[in-house]
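A.B. asks: the sequence isn't on hand, but the structure is:
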């Protein structure tokens, strides 16, 4: 079975540019999560969706960040305008419906983002 | 303040020994605790889940314990192998927390030397 697919794997761009990260979750999964990982802060939840509806975006750092899930098989995370401090690895994960965290999350291999 | 801490950033052991990784939490009431493995350049991979009312869970060479009195989970790899070298992350979900509130520790990097 195909896992969570993220694209691109690497992105290098100059500050001020718009960045769009893409994610295809595992078919049949109800939940989709966007995380950011840095050495300093570890893995942080940015936003998550249930059945394509955003449930909690309290982890989104600023208005420069936005996420959409137009259908069950696709989500995007957009940064506009990008800044050097946005440099990190961004992960997408999906899971089945469960109660209070009793379902494992399945992660993609991430997008390594570098803002110059 | 709320914290989830993993005992050390790095742990080096000899092949064949048992690796023990620690996850401590403060000011959380976890309903579930999960352990993940992360290899360089890859996303975390789920290994084990343990519920608040379970003391121990096993899967092949892996064992997880959960002590709510000590506010601690221990993750053991017996008969360790160089292929077990990776970063291991613990994550918890609080009672009343939603599916999305999985809070991760920063991980422990395990190196198993042949």
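C.D. replies: Received it, and whenever you're ready, just let me know what you need. Keep in mind it's a predicted model, so treat the numbers as computed, not measured.

A.B. asks: list the contacts of residue B:30.
C.D. replies: Contacts for residue B:30 (CB atoms under 8 Å, 6 or more residues apart in numbering or on different chains) come out as B:52, B:68, B:92, B:93, B:94, B:95. Every residue, glycine included, has its C-beta placed from N, CA and C.

A.B. asks: try residue B:106
C.D. replies: Counting by CB under 8 Å, 6+ apart, residue B:106 has contacts A:42, A:43, B:5, B:6, B:9, B:89.

A.B. asks: now it, what's its secondary structure?
C.D. replies: Using DSSP: H, G, I helix; E, B strand; the rest coil, the structure places residue B:106 in coil.

A.B. asks: which pLDDT value does the model give it?
C.D. replies: pLDDT for residue B:106: 94.

A.B. asks: repeat for residue B:52
C.D. replies: In this prediction residue B:52 is given a pLDDT of 86.

A.B. asks: how close does it sit to residue B:67?
C.D. replies: Between residue B:52 and residue B:67 the distance is 11 Å, computed by CB to CB, to the nearest Å.

A.B. asks: closest to residue A:2 among the contacts of residue B:30?
C.D. replies: residue B:93 (26.3 Å; CB to CB).

A.B. asks: quick one: the helix or strand that contains the closest one near chain A?
C.D. replies: Remark: residue B:93 resides in strand B:86-94, with elements defined by DSSP states H and E. Yes: part of strand B:86-94 sits near chain A under the criterion CB under 8 Å from any CB of the partner chain, namely B:89, B:92, B:93, B:94.

A.B. asks: now the two most distant members of those residues.
C.D. replies: Farthest pair in the residues of strand B:86-94 next to chain A, by CB to CB: B:89 and B:94, 17.1 Å.

A.B. asks: and the residue most central in space within chain A, how far from residue A:67?
C.D. replies: In chain A, the C-alpha nearest the mean C-alpha coordinate belongs to residue A:34, at 2.7 Å (CA atoms, centre = their mean). With distances taken as CB to CB, residue A:34 is found 6 Å from residue A:67.

A.B. asks: avg pLDDT for the strand holding residue B:93?
C.D. replies: On average, strand B:86-94 scores 91.

A.B. asks: show residues contacting it.
C.D. replies: A:43, A:100-102, B:4, B:6, B:21, B:23, B:25, B:28-39, B:44, B:47, B:73, B:75, B:99, B:101-110.

A.B. asks: what do you get for stretch B:14-21?
C.D. replies: Counting by CB under 8 Å, 6+ apart, B:6-7, B:11, B:13, B:74-82, B:84, B:88, B:90, B:108, B:110, B:112-114 sit against stretch B:14-21.

A.B. asks: show me which residues of that stretch are buried.
C.D. replies: The neighbour-count check on stretch B:14-21 (16 or more other CB atoms under 10 Å in any protein chain shown) flags B:19, B:21 as buried.

A.B. asks: closest one to residue A:84 out of the residues of strand B:86-94 next to chain A, please.
C.D. replies: Set against residue A:84, the nearest of the residues of strand B:86-94 next to chain A by CB to CB is residue B:89 (26.1 Å).

A.B. asks: so where's the chain shaky on pLDDT?
C.D. replies: In the absence of a named chain, this looks at chain A. Confidence mapping of chain A against pLDDT under 70 gives the ranges A:1, A:98-101.

A.B. asks: please refer instead to chain B.
C.D. replies: B:95-100.

A.B. asks: surely residue B:114 and residue B:82 touch.
C.D. replies: Yes: contact criterion CB atoms under 8 Å: residue B:114 and residue B:82 qualify, at 5.3 Å.
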